[in-house]
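Asker: Prediction below, plus the sequence it came from.
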Amino acid sequence: MGSRGGCCQCCFSFIFTVGLTALFMWLSLRTSKPSCSIKYFYLPALNKTLNDTRNSTLYVSLSLNNGNKDKGIYYDNVNLTFSLPNTNKTVGTANVTKFYQGHKKKALKKVELGSDKLNWTVVSESVYPNGSSHFRVDLVTKVRFKIIFWRTKRHRLMFGADVEVNASGTKVNKKDIKLSAADHQLASYSGQLWVLLNLLVFILLNPW
């Protein structure tokens, strides 16, 4: 009875240790998508107080935040599309050159679209009689996560938000405008990690 009880205790300790190891690995490998927000949005040509439409450049500041504690992010080129909400009418496009972002770091990227890159016919359609206007900002990129010395495969991310602009040509919302993302975008990667961990546990419990 004593040897049998000791064997059960050893098996329980082994299973418990494997479980903790699997949990630790899951927490270590699990990734969170970065958050994106618009800090600054200004179109001087829509500023009614200036009475000057010669400066037709769009100025945008984009904030990207990597909230992962110990995982860096490699961004491919970040593509931005400015359009009218709920339409296929594009105002202009821009991109941010690919870059690396360390863990728990924030990056501020400034974008300028000159008059040659803006469709002013579409911009004019966005302006209401009171001088305000609405725009849609969509962001598309691919990222790889750096986990210690390992880089994951690329994962496509898509973010977007509507921006309301006042008669001064700046965004109405004084706070940063967060770009929302589809929740399923990293689901496939999380599923792969879960399968890998289950396989590891199976191997440890069945050492052959």
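Answerer: Sure thing, it's come through. Predicted, not measured: the structure shown is a model, and the values here were computed from it.
Asker: tell me the strands in the protein, going along the chain?
Answerer: Here the chain has its strands, by DSSP state E, at 35-42, 58-65, 71-75, 78-83, 90-96, 99-101, 106-113, 133-147, 150-151, 155-165, 177-181.
Asker: I'd guessed I38 sits against F135; true?
Answerer: No - using C-beta atoms under 8 Å, I38 is not in contact with F135; the gap is 10.1 Å. Glycine gets a C-beta too; all of them are placed from N, C-alpha and C.
Asker: Could you name every residue contacting both of the two?
Answerer: V163 (C-beta atoms under 8 Å, 6 or more residues apart in numbering).
Asker: In CSV: the strands of the chain, plus mean neighbour count.
Answerer: Putting the strands of the chain into CSV (neighbours: other C-beta atoms under 10 Å) gives the following:
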stretch, mean neighbour count
strand 35-42, 19
strand 58-65, 20
strand 71-75, 20
strand 78-83, 20
strand 90-96, 18
strand 99-101, 15
strand 106-113, 15
strand 133-147, 19
strand 150-151, 10
strand 155-165, 17
strand 177-181, 16
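Asker: what about the protein, any weak spots by pLDDT?
Answerer: Low-confidence segments of the chain, defined by pLDDT under 70: 1-30, 182-208.
Asker: related to what we said a few turns ago, now for the strands of the chain, which one comes closest to T49?
Answerer: Each of these has some distance to T49 by C-beta to C-beta; the shortest is strand 35-42, at 12.8 Å.
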